[in-house]
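> pasting the sequence and the predicted model now:
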Number of protein chains: 4
Amino acid sequence: MSEPGPGHNTVAADQLKSIIERVERLNEERKQLLDDVNDVFAEAKGNGLDVKALRTIVRLRAMEPNKRAEQEAILDLYKHALGMLV
Amino acid sequence: MSEPGPGHNTVAADQLKSIIERVERLNEERKQLLDDVNDVFAEAKGNGLDVKALRTIVRLRAMEPNKRAEQEAILDLYKHALGMLV
Amino acid sequence: MSEPGPGHNTVAADQLKSIIERVERLNEERKQLLDDVNDVFAEAKGNGLDVKALRTIVRLRAMEPNKRAEQEAILDLYKHALGMLV
Amino acid sequence: MSEPGPGHNTVAADQLKSIIERVERLNEERKQLLDDVNDVFAEAKGNGLDVKALRTIVRLRAMEPNKRAEQEAILDLYKHALGMLV
DNA sequence: CGGACAAGTTTGCCAC
DNA sequence: GTGGCAAACTTGTCCG
């Protein structure tokens, strides 16, 4: 006999369907939020602001917390890099 | 003297601040949703499913049928030219 | 006295410097080669070829046949389960 | 009539083959360089150095030139973002 | 539509 | 050998 119903080599279609649809649902929400972001920028542009500069500012601000920690850690990094030789 | 407290020229700065913060707020929500997606895939992986294949399915389903067929046609054309197919 | 000119403790620092610079040198060469690859694809595009398909071909050829067949099998399995194939 | 020899709808197999092989050749060189980098780190590790810290240092040093420019540009960015309102 | 910029996906490496 | 972190590659989007 060969594969009637859920057997080996078969995937639970329901489970698969559920996963895919959950992800697709989440992706729709993500797309909606992306549209919202673009709306904000479009409105800003309508007010005479420079959208490219705004995007850059957002990006830089997202980086800064990490950079702070990096700068504080850099000397320690060199020490560790020098390992037991220090 | 210029700019003690909320004066005429803070308008632009306030507007800028508002835009940046709105976008950052939206980006946080986007990151949350991305985490959710990854959680779903992680759970699927725990159930023995192949995450890479799942991502491919999601991508294919999101693709317009025409685009998809077109891409496959070009690929087959090149494969034939290279003897990678009969 | 401590560290005037090349003394006993500069050994570690020199070693560190040497390692970092060797890696950075190699990374520059890597970047150059990446640029070369992109140049080839850009030229191909100029000749009317589809770069995306070309990249796919390169990826498929780099893949071990077994792996490739395995990936396709899983994908087909999922597609069937979802009714995306006959 | 149906495509004998190089006709429309056909790809110049020689051209295709040449492109693919050039890219594959470059990719081999890239892989070789990546191996070289790993060799340097492996040797460093053998000398008691902390490879993870070394990698971090390389990464930070690669970022710094960009950061310099960013810091110099950030105020200008705000000015541009404020556009004609300034 | 072409080039730049950003997002997402994949791969590789190190620690456990 | 698995899982998390970081780098690299690919794809998509947006502005000019």
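That came through fine. Numbers count the residues shown, from 1 in each chain, chains lettered A, B, ... in the order given.

> low pLDDT regions in chain A?
Applying pLDDT under 70 to chain A picks out residues A:1-9, A:65-72, A:75, A:84-86.

> how about the helices in it?
Using DSSP state H, the helices of chain A run over A:13-46, A:51-81.

> just put those helices in JSON lines and tack on distance to residue C:27 and mean neighbour count.
(Glycine included, C-beta is placed from N, CA and C.) Putting those into JSON lines (distance: least, C-beta to C-beta, whole Å; neighbours: other C-beta atoms under 10 Å in any protein chain shown) gives the following:
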{"stretch": "helix A:13-46", "distance to residue C:27": "33", "mean neighbour count": "15"}
{"stretch": "helix A:51-81", "distance to residue C:27": "17", "mean neighbour count": "14"}
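
> which one is the residue positioned nearest the centre of chain A nearest to, not counting chain neighbours?
The centroid of chain A falls nearest to residue A:30 when counting by C-alpha atoms, centre = their mean (10.5 Å). Using C-beta to C-beta, 6 or more residues apart in numbering or on different chains and skipping residues adjacent in sequence, the residue nearest residue A:30 is residue B:33, 4.8 Å away.

> tell me who's in contact with the one you found.
Counting by C-beta atoms under 8 Å, 6 or more residues apart in numbering or on different chains, residue B:33 touches A:26, A:29, A:30, A:33.

> got those residues as a markdown table, with distance to residue A:20 columns?
Output for the contacts of residue B:33, formatted as a markdown table (distance: C-beta to C-beta, whole Å):
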| residue | distance to residue A:20 |
| --- | --- |
| A:26 | 11 |
| A:29 | 15 |
| A:30 | 15 |
| A:33 | 21 |
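
> verify the stated contact: residue A:47 with residue B:12.
No - the criterion here is C-beta atoms under 8 Å, and residue A:47 misses it with residue B:12 at 9.4 Å.

> who has more neighbours out of these two?
residue B:12 (19 against 12; other C-beta atoms under 10 Å in any protein chain shown).

> tell me the residues on chain A that lie near DNA strand F, please.
Applying C-beta under 7 Å from any atom of the strand, one finds that chain A approaches DNA strand F through A:34, A:38, A:41, A:42, A:45, A:51, A:52.

> just the closest of those residues to chain C, please.
residue A:34 (22.7 Å; C-beta to the nearest C-beta).

> and the gap between the closest one and residue C:53?
28 Å (C-beta to C-beta, to the nearest Å).

> swap in residue A:35?
Counting by C-beta to C-beta, the gap from residue A:35 to residue C:53 is 30 Å.

> go on, residue A:39?
Computed as C-beta to C-beta, the residue A:39 to residue C:53 distance reads 35 Å.

> cool, and residue A:42?
Counting by C-beta to C-beta, the gap from residue A:42 to residue C:53 is 34 Å.
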